[in-house]
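Chemist: using only what follows, build the 3D model:
(chains A and B)
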Amino acid sequence: QSVLTQPPSASGTPGQRVTISCSGSSSNIGRNTVNWYQQLPGTAPKLLIYSNNQRPSGVPDRFSGSKSATSASLAISGLQSEDEADYYCATWDDSLNGFVFGTGTKVTVL
Amino acid sequence: QITLKESGPTLVKPTQTLTLTCTFSGFSLSTSGVGVGWIRQPPGKALEWLALIYWDDDKRYSPSLKSRLTITKDTSKNQVVLTMTNMDPVDTATFYCAHVPTGGNWFDPWGQGTLVTVSS
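Modeler: Numbers count the residues shown, from 1 in each chain, chains lettered A, B, ... in the order given. You can find the predicted model right below:
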């Protein structure tokens, strides 16, 4: 049912860089800014990146976001064990006239 | 500091109507541009947006669930209520409410969530 497609999983060793993709269409990512959420195990989602590449106060600068055409990406540099979580992209869809979330990516620190 | 908390039944029977309340503090739903949304997450699955209400009573619903959802607000009580009719076991999920800032298309912060199980 998710309109935005993400890889189911991603992994890396501590210190590595991990990138998560989010693929959408012209009616969502193509026209609106993208946001990213981090969901640690057993907790509520937390805003990680807003407006494509902005970090809320308190989010480490090793998290970064970007957007190009109908796709977006989240990069985690200097991967740490506490980064093990599910990550979701999200945006507004003009055709559906509503919010849409990605399929989610589980990040594992090896 | 903005906080939100969901409340409602933890168990509902199939065909019943679910009513959830989001009680918030730290902002007012009479402030221009502000909104409150509802999102659900079935166990082990992805997030799904359900509904959103803005300060001016503008309401938006997920197209796939629109016929079953109603969102309302009580500004004086700092509450937003979501009702979902004709509940089915596949609707078992954790339901979250979240704040939408003025001019933003993101949810921040989120409530802790409440797990609703649909079973006879």
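Chemist: what's stretch B:65-84 in contact with?
Modeler: B:17-25, B:28-30, B:36, B:38, B:50-53, B:57, B:59, B:61-62, B:85-86, B:91, B:95, B:97 (CB atoms under 8 Å, 6 or more residues apart in numbering or on different chains). Heads up, the C-betas are built off the backbone N, CA and C, glycines and all.
Chemist: mind checking which of those are in strands?
Modeler: If you go by DSSP state E, the contacts of stretch B:65-84 have B:18-25, B:36, B:38, B:50-53, B:59, B:61, B:95, B:97 in strands.
Chemist: are any of the contacts of stretch B:65-84 buried, and if so which?
Modeler: Neighbour counting by 16 or more other CB atoms under 10 Å in any protein chain shown classes B:18, B:20-24, B:29, B:36, B:38, B:50-53, B:61-62, B:91, B:95, B:97 among the contacts of stretch B:65-84 as buried.
Chemist: just to revisit the earlier point, return only those of the ones in strands among the contacts of stretch B:65-84 found close to chain A.
Modeler: B:52, B:61 (CB under 8 Å from any CB of the partner chain).
Chemist: list the buried residues of stretch A:67-74.
Modeler: Residues of stretch A:67-74 classed as buried by neighbour count (16+ other CB under 10 Å): A:67, A:70-74.
Chemist: okay, now the unreliable bits of the chain?
Modeler: Picking chain A for this. The model of chain A has pLDDT under 70 over residues A:1.
Chemist: show me where it has its strands.
Modeler: Applying DSSP E to chain A gives strands spanning A:9-12, A:18-23, A:35-39, A:46-49, A:63-68, A:71-76, A:85-93, A:98-101, A:105-109.
Chemist: next, the angle from the last one to strand A:71-76.
Modeler: This points to strand A:105-109. 20 degrees (axes from the mean of the first three to the mean of the last three CA atoms, to 10 degrees).
Chemist: middle-most residue in chain B, spatially?
Modeler: Of all residues in chain B, the one closest to the mean position by CA atoms, centre = their mean is residue B:38, 2.8 Å from it.
Chemist: how close does that residue get to residue A:61?
Modeler: Between residue B:38 and residue A:61 the distance is 32 Å, computed by CB to CB, to the nearest Å.
Chemist: return the backbone torsion pair for the residue of chain A most remote from its centre.
Modeler: Using CA atoms, centre = their mean, the residue of chain A lying farthest from its centre is residue A:95. It sits 21.5 Å away. Note on residue A:95: backbone dihedrals following degrees, to the nearest 10 are phi -80, psi -40.
Chemist: could you dump the buried residues of stretch A:67-74 to TSV with distance to residue A:18?
Modeler: As requested, these are exported to TSV (distance: CB to CB, whole Å):
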residue	distance to residue A:18
A:67	18
A:70	22
A:71	17
A:72	15
A:73	11
A:74	9
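Chemist: which two among the residues you listed are spaced furthest apart?
Modeler: A:70 and A:74 (15.7 Å; CB to CB).
Chemist: count the residues that sit near the closest residue to residue B:31 other than its chain neighbours.
Modeler: What sits nearest to residue B:31 in space, not counting adjacent residues and going by CB to CB, 6 or more residues apart in numbering or on different chains, is residue B:55, at 5.8 Å. Close neighbours of residue B:55, defined as other CB atoms under 10 Å in any protein chain shown, add up to 19.
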